[in-house]
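Q: Following is a predicted model, sequence given first.
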Amino acid sequence: MLKFDSLKQLRECGHIIDGDGARTTAVYEHIKSLMKNNLGNNLNLDFFDVDFEYYYGGSIYILEFYDDLIYLKTTKERDFKEWDGFQWTKTCKSILETDDIFEGAMLIPSKDFYSFWNVTNNAGGPIYYIPKNIGKTCKNLMKSLEKSN
């Protein structure tokens with residue numbers, strides 16, 4: 001899984017994610033268009049270095065493999081607690097374990113990636129981009145996409 005903390009990092013990446021040719025540049029263009037919609041078309045180049053934690057409340061994650069879906073958490077808690085090194089806490093199930101309703105779920109305009117997010121803090125939360133050829137093989141992800149829209 002790739003993690004990006006700024007638009008500049010994302011722009012400079014340019015990786016090909018899967019055999020279908022999904023590129024991180026499609027995610028970059030999507031994020032850039034969202035920022036322009038929010039800030040107006042006079043997007044200042046200084047904004048390309050803005051921290052995603054500041055702007056979105058979390059980092060941008062691009063999943064590279066099916067197994068990376070374990071990091072996409074739902075809001076459904078497990079029936080048991082886990083030791084996190086300091087205390088026993090309830091953790092949420094991953095999309096591999098169950099489907100859920102997400103606050104945002106969509107196929108981005110380039111049609112190469114699905115985008116999923118939930119608000120997890122006052123500023124927002126992390127955004128996950130899943131290549132279409134990986135996402136369409138996960139029935140819980142497809143159910144979640146349908147439920148969330």
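A: It's in.

Q: count of neighbours near I16?
A: The number of residues packed near I16 is 12, by other CB atoms under 10 Å. Where C-beta positions appear, they are placed from N, C-alpha and C, glycine not excepted.

Q: I60 too?
A: The local packing of I60 (other CB under 10 Å) involves 25 other residues.

Q: Distance check, it against W88.
A: Distance, I60 to W88, by CB to CB, to the nearest Å: 31 Å.

Q: could you pull out the strands for this structure?
A: Along the chain, the segments classed as strands by DSSP state E run 2-4, 60-62, 73-83, 88-94, 104-107, 113-117, 127-131.

Q: Please produce CSV containing these, extended by mean pLDDT and distance to V50.
A: Listed next are the strands of the chain as CSV, based on pLDDT from 0 to 100; distance: least, CB to CB, whole Å:
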stretch, mean pLDDT, distance to V50
strand 2-4, 93, 12
strand 60-62, 94, 12
strand 73-83, 83, 25
strand 88-94, 81, 28
strand 104-107, 95, 19
strand 113-117, 95, 17
strand 127-131, 95, 14
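
Q: Tabulate those (JSON lines), appending distance to L141.
A: Shown next, in JSON lines, are the strands of the chain (distance: least, CB to CB, whole Å):
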{"stretch": "strand 2-4", "distance to L141": "18"}
{"stretch": "strand 60-62", "distance to L141": "14"}
{"stretch": "strand 73-83", "distance to L141": "10"}
{"stretch": "strand 88-94", "distance to L141": "10"}
{"stretch": "strand 104-107", "distance to L141": "9"}
{"stretch": "strand 113-117", "distance to L141": "7"}
{"stretch": "strand 127-131", "distance to L141": "7"}
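
Q: Many thanks, have a good one.
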